[in-house]
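> Sequence and predicted structure are below.
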Amino acid sequence: MSEFTIFSVSASGMTAQRLRLDVIASNIANSETTRTERGGPYRRRVPIFAEHLLDKNRTSAVKVVRIEEDPSPFRLVYDPSHPDADENGYVSYPNVNVLREMVDLINAQRSYEANVSAFNVTKSMINSALQIGRG
């Protein structure tokens, strides 16, 4: 595997994790949104990743295939005074669990940092090899 392929693998991981962080931030920001433009509460979104082959040596990277909505049920809260309450007084809140999102956020951040570290180590190795060649 060439050094430049390693850069591509790390960059694809950083791009995927950055998008994942954006989706998580959107989920957290909308965790109390009971009415969207489409009607109804906000639905949690989840990025779907897939393997992406970079070369004939079967070097794989990651890419985002799509962003799906989580089909789990909405959270029902009894609040008859809420403007979005149904005829029984229940309000449908998004299917976003902020604690779960925070755990995913930490995981995505660490994955991003691991890709940055791999990128920087490869860059350092290339610089060391160039220094040896000059010596």
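That came through fine.
> what about stretch 33-40, how long is it end to end?
End-to-end distance of stretch 33-40: 9 Å, with C-alpha to C-alpha, to the nearest Å as the criterion.
> Check residue 7 and give its pLDDT.
Looking at residue 7, its pLDDT is 84.
> Regarding it, what is its secondary structure?
Secondary structure assignment for residue 7 (DSSP: H, G, I helix; E, B strand; the rest coil): helix.
> Buried residues, the lengthiest helix in the chain. List them.
The longest helix of the chain (DSSP state H) is helix 98-134. Using 16 or more other C-beta atoms under 10 Å as the test for burial, helix 98-134 gives 101, 104, 105, 108, 111, 112, 115, 118, 119, 122. All C-beta spots, glycine's among them, are computed from the backbone N, C-alpha and C.
> Can you get me the centre-to-centre distance for stretch 124-135 and its chain?
Centre-to-centre, stretch 124-135 and its host chain are 36 Å apart (C-alpha atoms, centre = their mean, to the nearest Å).
> again with stretch 80-92
32 Å.
> How about residues contacting that stretch?
With C-beta atoms under 8 Å, 6 or more residues apart in numbering as the test, stretch 80-92 has contacts from 34, 35, 40, 41, 74, 75, 76, 77, 78, 79.
> at 10 Å what do you get?
Contact with stretch 80-92 is made by 34, 35, 40, 41, 73, 74, 75, 76, 77, 78, 79, 93, as judged by C-beta atoms under 10 Å, 6 or more residues apart in numbering.
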